[in-house]
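Undergrad: Sequence and predicted model, in that order:
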Amino acid sequence: MLQPNVILIGASVRSFSQSALRDGIRPVCVDMFCDSDLRMCLREYGLREAFWCRQIDSFANAASAVADVDPDVPVIALGGLENHESGFRQLLAQRTVLGPDWDTIEQLRNPRHLFPTLRKRGCSIPGFVVKGQSLPRPGPGMRWLRKNRHSAGGQGIRWYMGSDESRRQQSDTVLTDDLQEFIDGIPISASFFAAAQSDNESTIVRRDTVLLGCALQLSGCDALHAADFHFCGNAGPLILSASLTQQVVDAGRAIVDEWPVDGLFGIDFVVRDGHPFVVEVNPRPTASQELHELARPDLPGHVFLQLGRSAQQFLSAADGSDRNTATGGPGHRNDPPGCWARFVIYADQDTVITDSMEVKMLTHCTRNRSGTSKCAWLADIPCSETTILTGTPLCSLYVDLAAKDLCFSRLSALLHLLPLATSPPINGLVETIQAQFVVLAND
């Protein structure tokens, strides 16, 4: 039997598994959906689903789900796992988990540690109040968000109602969540690669930090039937102005200089008045990974990088070029080969996926990173007999924003395959994204 090279664990690992397979890496895939296109991709590479695809309903079960896998096979922790201490530590007791250790993750997710450090480094940060402190008094012109630091995908974010009336209705006098100032601007996500090596058992020498790319962050889109703040995808890679690029790069360097972070990590910003405000650090590979790989198929994929197999080659290729440009990487040009959007479409009605629905959606998915004639395709396709509840993700739609043959009537026909009561107005979203691209390139 073929032996695995890595274990991927996250809420959804479909895109990372496809990245791994393209680079000749065999992944054991552990997530909460085991979508149909993930299963199909594994089969196409000759990997039996029973071993290579494992569904869990909680990260508390992650370690037991891979107990039969050779303990020398490392784990790459993907979206969601960084918020579950017990599951993370159980994995650490069993095998290597690539990326930051748990203590570092805790500090990066704690605004009391993160924001003051970044402010000293000259980064723009929002106002914040840490849980356990007294409730703030209402202030003119300031809006607050309540954030659960152990949630993902925007699900732990909601408005904080700071009026006197709402304060009287509160049963507690101290915060049970963190508060963060709401920054009204354009949300973006930056993906970084920090190459590091150990010169002995106790010292880590940080060698370099590369900005792999930036993408628009989409959340709470009514058109996609998403609730407030829920993750709705990305669009990019972006071309940022020189000033914005430098500020983003400086924030990435600050993270690596101040904390023992190596490998892939991300920073979420909101751009307001020409300044990117750091709103969150993701101590793991980012969800926008696929867009950057689509733009640079000549470079190794993110799983390959996280395994450390190509760190030296990657940085060597960057020598003599601008490592810190907005689409980031070695040999970057100001005319990136493409630009894509990933829209996470939420169900607007309860649905049970039928065999015919699954087959129709599978005929419109693609897994080819190195160029495709399709201007739009589906991904994260649920298996038949899966129940999709209203307000939960249904699937993803990818759109090539640079395609000369991009046709909204064709997109509409694709969307009509989905079991939705109301088809999303993708054309309006694309126009909004394109307008934001212009602002960010000239801000």
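TA: Alright, I've got the coordinates.

Undergrad: show me the contacts for the spatially most central residue of the chain.
TA: Nearest to the geometric centre of the chain sits Ala287, at 2.2 Å (C-alpha atoms, centre = their mean). Neighbouring residues of Ala287 by C-beta atoms under 8 Å, 6 or more residues apart in numbering: Gly79, Ser189, Phe231, Gly233, Asn234. Every C-beta, even on glycine, is put in place using the N, C-alpha and C of the backbone.

Undergrad: Repeat that for Ala152.
TA: Listed by C-beta under 8 Å, 6+ apart, the contact set of Ala152 reads Ala11, Gly79, Gly80, Glu82, Asn83.

Undergrad: Report all helices and strands that the longest strand anywhere in the chain contacts.
TA: Ordering each strand of the chain by length in residues (DSSP state E) puts strand 204-219 first. Counting contacts by 3 or more C-beta pairs under 8 Å, 6 or more residues apart in numbering; DSSP states H and E, strand 204-219 is packed against strand 186-198, strand 231-236, helix 242-258, helix 289-295, helix 311-318, strand 340-346, helix 426-442.

Undergrad: The second one pairs with which strands, parallel or anti?
TA: In other words, strand 231-236. Strand pairing for strand 231-236, determined by DSSP bridges: strand 204-219 (antiparallel), strand 340-346 (antiparallel).

Undergrad: from those strands, which stretch is densest packed?
TA: Of all the strands paired with strand 231-236, strand 340-346 carries the top mean neighbour count, a mean of 24, counting by mean count of other C-beta atoms under 10 Å.

Undergrad: any idea of the angle it forms with helix 426-442?
TA: Counting by axes from the mean of the first three to the mean of the last three C-alpha atoms, to 10 degrees, strand 340-346 lies at 130 degrees to helix 426-442.

Undergrad: Could you list the domains of the chain?
TA: 6-98, 101-108+184-443, 127-181 (automatic domain parsing).

Undergrad: Among the ones you listed, which comes closest to Lys120?
TA: Lys120 lies closest to domain 101-108+184-443 among the domains of the chain, at 8.8 Å (C-beta to C-beta).

Undergrad: Just the terminal-to-terminal distance for that closest one.
TA: With C-alpha to C-alpha, to the nearest Å as the measure, domain 101-108+184-443 spans 36 Å from end to end.

Undergrad: again with stretch 387-399
TA: Stretch 387-399: ends 26 Å apart by C-alpha to C-alpha.

Undergrad: So for that stretch, what gets flagged as buried?
TA: For stretch 387-399, burial by neighbour count (16 or more other C-beta atoms under 10 Å) applies to Ile388, Pro393, Leu394, Cys395, Ser396, Leu397, Tyr398, Val399.

Undergrad: With stretch 110-124 instead?
TA: By neighbour count with 16+ other C-beta under 10 Å, stretch 110-124 contains the buried residues Pro111, His113, Leu114, Phe115, Thr117, Leu118, Cys123, Ser124.

Undergrad: Throw the strands paired with strand 231-236 into TSV and include distance to Pro283, thanks.
TA: Shown next, in TSV, are these (distance: least, C-beta to C-beta, whole Å):
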stretch	distance to Pro283
strand 204-219	14
strand 340-346	22
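
Undergrad: out of those strands, nearest to Glu44?
TA: With distances scored as C-beta to C-beta, the stretch of those nearest to Glu44 is strand 340-346 (21.5 Å).

Undergrad: Please point out which parts of stretch 150-164 sit buried.
TA: Ala152, Gly153, Gly154, Gly156, Ile157, Tyr160, Gly162.

Undergrad: if we take those, which one ends up nearest to Val73?
TA: Of all those, Val73 sits closest to Ala152, with 24.4 Å by C-beta to C-beta.

Undergrad: That closest one in helix, strand or coil?
TA: What DSSP: H, G, I helix; E, B strand; the rest coil gives for Ala152 is coil.

Undergrad: What does the pLDDT read for it?
TA: Predicted confidence (pLDDT) at Ala152: the value is 75.

Undergrad: Give me the nearest residue to it, chain neighbours excluded.
TA: Gly80 (4.6 Å; C-beta to C-beta, 6 or more residues apart in numbering).

Undergrad: How about Ile183?
TA: Nearest non-adjacent residue to Ile183, counting by C-beta to C-beta, 6+ apart: Val270, 4.2 Å away.

Undergrad: Tally up the residues packed near Val75, please.
TA: If you count neighbours by other C-beta atoms under 10 Å, Val75 ends up with 25.

Undergrad: Okay, and the beta partners of it?
TA: On the basis of DSSP bridges, Val75 is bridged to Ile7, Val97.

Undergrad: Pro283 versus that one, what's the distance?
TA: Per C-beta to C-beta, to the nearest Å, Val75 is found 14 Å from Pro283.

Undergrad: coming back round to it: from the contacts of Ala152, which two are the most distant?
TA: Ala11 and Glu82 (10.8 Å).

Undergrad: Who has more neighbours out of the two?
TA: Taking neighbours as other C-beta under 10 Å, Ala11 and Glu82 compare with Glu82 leading, 23 against 18.

Undergrad: need the contact list for that one.
TA: Applying C-beta under 8 Å, 6+ apart to Glu82 gives the contacts Phe88, Ile105, Arg109, Ala152, Asn282, Pro283, Arg284.

Undergrad: now Asn110
TA: By C-beta under 8 Å, 6+ apart, the neighbours of Asn110 are Val130, Arg149.

Undergrad: low pLDDT regions in the stretch 251-400 of the chain?
TA: 309-337, 367-373 (pLDDT under 70).

Undergrad: how about the helices in it?
TA: Remark: helices assigned in the stretch 251-400 of the chain by DSSP state H, counting those that start in this stretch are 289-295, 302-306, 311-318, 355-362.

Undergrad: so which of those helices comes closest to Phe343?
TA: Per C-beta to C-beta, nearest to Phe343 of the helices of the stretch 251-400 of the chain: helix 289-295, 12.0 Å.

Undergrad: roughly how far out does that closest one sit from the chain middle?
TA: Put simply, helix 289-295 sits 12 Å off its chain's centre (C-alpha atoms, centre = their mean, to the nearest Å).

Undergrad: Determine the set of other helices and strands touching it.
TA: When contacts are defined as 3+ C-beta pairs under 8 Å, 6+ apart, helix 289-295 sits against helix 14-22, strand 204-219, strand 231-236, helix 302-306, strand 340-346.

Undergrad: Just the CA trace of the first one, in PDB.
TA: Output in PDB follows, covering the C-alpha atoms of helix 14-22 (Å, rounded to 0.1, in the frame of the first residue of the first chain):
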ATOM      1  CA  ARG A  14     -10.300  19.900  -0.300                       C
ATOM      2  CA  SER A  15      -8.200  22.700  -1.800                       C
ATOM      3  CA  PHE A  16      -5.100  21.800   0.200                       C
ATOM      4  CA  SER A  17      -5.400  18.100  -0.700                       C
ATOM      5  CA  GLN A  18      -5.600  19.000  -4.400                       C
ATOM      6  CA  SER A  19      -2.500  21.200  -4.000                       C
ATOM      7  CA  ALA A  20      -0.600  18.300  -2.300                       C
ATOM      8  CA  LEU A  21      -1.500  15.800  -5.000                       C
ATOM      9  CA  ARG A  22      -0.500  18.100  -7.800                       C
END
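
Undergrad: Good, wrapping up.
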